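[1] starting from these lines, generate the structure:
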Amino acid sequence: MLTTLADVLKTAEAANAAIPAFNIDNIEGTEAVVEAAEAERWPLILTIGQGAIQAGQLRHLAALVQDIAAVSTIPIVLHLDHGISYEQTVQCLRLGFTSVMYDGSHRSFAENMRESQAVVRSAHAVGVSVECELGAISGVEDGMSHSVVNLVDINEVERFSAEVDCDALAVGIGNAHGMYQGTPHFDFDRLEACRRLNAPPLVLHGGSGTPDEMIRKAIQLGIRKVNVATELRMAFMAGLESKVGSRDFYGMYRQAKANVTEIARHKIGLFRGK
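    Purely as a prediction, here's the structure:
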């Protein structure tokens, strides 16, 4: 069933756990992560990112998620990842998204807050959840990049939380998009300080390649949503590549799908504390 981000985050908070947000790019990858979540009996956020949008997949993937959610037995959120403008979030509202992210972290704090407030007003008017971001996440994903590690300002989190009624807040604590070069270093003290401010449920972007023990600690300190994209895509590509020599078209996709399901099941178990 299709539901909102705010609803599934209540489940995460009650269980002191996190909900997976898996980026989707095609039918097989989408089916793979849904099958994993069905097997684990855990809610799922299916996120459509800027790479898929640039490839012309926005309407197709939105319709796919709605069709799958209509027959699923778990709560599924249809979510825009790193929305680049107010106009893009409105487009997604019209397409039936149940959650949108507006990423104004690359703008000034005042601009980010003003645009985030506008997105929240429009989305909440039609019952849709909103995620915002403070502290631009470094690394590269879907052609979007920030080269400087930007640790979120605690004072900005306090002010933003008081003035923007968003349903989730992504914070920069040393996390990065893509696969990490070496071991990541998260500022857990900063995360804990954000949590103490009575901020909205906190979100960790850049969940690919992060050591499990770091994910567990982040969740214990209040992370309620974890985004994973690159690791799933790499698993999918590895599955295709492993079967190229067989010249078995459907066999390639079966292996790619199986690879993604395996990774997704591990992530879901990790995020819910199994």
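
[2] lowest-confidence helix or strand of the chain?
    Per-element confidence for the chain was summarised using mean pLDDT, DSSP states H and E. The lowest value among helices and strands belongs to strand 144-146, with a mean of 48.

[3] quick check: what element follows that one along the chain?
    If you walk from strand 144-146 toward the C-terminus, the next helix or strand you reach (DSSP states H and E) is helix 154-163.

[4] can you list contacts of that following helix?
    Taking contacts as Cβ atoms under 8 Å, 6 or more residues apart in numbering, the residues outside helix 154-163 that touch it are 109, 112-113, 116-117, 132, 134, 169, 171, 190, 193-194, 197-200. C-beta: built from backbone N, CA, C; applies to glycine.

[5] could you redo the last one with a cut-off of 10 Å?
    Contacts of helix 154-163 from elsewhere in the structure, counted by Cβ atoms under 10 Å, 6 or more residues apart in numbering, are 109, 112-114, 116-117, 132-135, 152-153, 166, 169, 171, 189-190, 193-200, 202.

[6] I'd guessed Gly49 sits against Cys92; true?
    No - Gly49 is not in contact with Cys92 according to Cβ atoms under 10 Å; the separation is 11.8 Å.

[7] mutual contacts of those two, please.
    When contacts are counted by Cβ under 10 Å, 6+ apart, Gly49 and Cys92 have 79-80, 83, 101 as shared neighbours.

[8] how about the helices in the stretch 1-150 of the chain?
    Shown for the stretch 1-150 of the chain, the helices assigned by DSSP state H, counting those that start in this stretch span residues 5-15, 27-40, 50-54, 58-71, 86-94, 109-125.

[9] now the third one, how far from the centre of its chain.
    In terms of Cα atoms, centre = their mean, to the nearest Å, the centre of helix 50-54 is found 14 Å from the chain centre.

[10] over to stretch 86-104?
    In terms of Cα atoms, centre = their mean, the centre of stretch 86-104 is set 14 Å apart from its chain centre.

[11] okay, buried residues for it please.
    86, 88-93, 95, 97-104 (16 or more other Cβ atoms under 10 Å).

[12] quick one: terminal-to-terminal distance for it?
    Distance between the boundary residues of stretch 86-104 (Cα to Cα, to the nearest Å) amounts to 10 Å.

[13] any low-confidence regions in this protein?
    The model of the chain has pLDDT under 70 over residues 137-149, 177-183.

[14] buried stuff in the longest strand along the chain?
    For the chain, the strand reaching the highest residue count under DSSP state E is reported as strand 76-83. Neighbour counts over strand 76-83 (16+ other Cβ under 10 Å) mark 76-83 as buried.

[15] how about stretch 53-70?
    Burial within stretch 53-70, assessed by neighbour count using 16+ other Cβ under 10 Å, is assigned to 53, 57-58, 61-62, 64-66, 68-69.

[16] now it - C-alpha only, PDB.
    What follows is the C-alpha trace of stretch 53-70 in PDB, where atoms were taken according to Å, rounded to 0.1, in the frame of the first residue of the first chain:
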ATOM      1  CA  ILE A  53      14.600  12.000 -14.000                       C
ATOM      2  CA  GLN A  54      17.300  13.200 -16.400                       C
ATOM      3  CA  ALA A  55      17.000   9.900 -18.200                       C
ATOM      4  CA  GLY A  56      13.300  10.600 -18.800                       C
ATOM      5  CA  GLN A  57      12.000   7.900 -16.300                       C
ATOM      6  CA  LEU A  58      10.100  10.100 -13.800                       C
ATOM      7  CA  ARG A  59       6.600   9.300 -15.000                       C
ATOM      8  CA  HIS A  60       7.300   5.700 -15.800                       C
ATOM      9  CA  LEU A  61       8.900   4.900 -12.400                       C
ATOM     10  CA  ALA A  62       6.200   6.800 -10.600                       C
ATOM     11  CA  ALA A  63       3.500   4.700 -12.300                       C
ATOM     12  CA  LEU A  64       5.500   1.500 -11.600                       C
ATOM     13  CA  VAL A  65       5.700   2.300  -7.900                       C
ATOM     14  CA  GLN A  66       2.000   3.000  -7.700                       C
ATOM     15  CA  ASP A  67       1.100  -0.300  -9.500                       C
ATOM     16  CA  ILE A  68       3.400  -2.300  -7.200                       C
ATOM     17  CA  ALA A  69       2.200  -0.500  -4.000                       C
ATOM     18  CA  ALA A  70      -1.400  -1.300  -4.900                       C
END
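
[17] cool, thanks, talk later.
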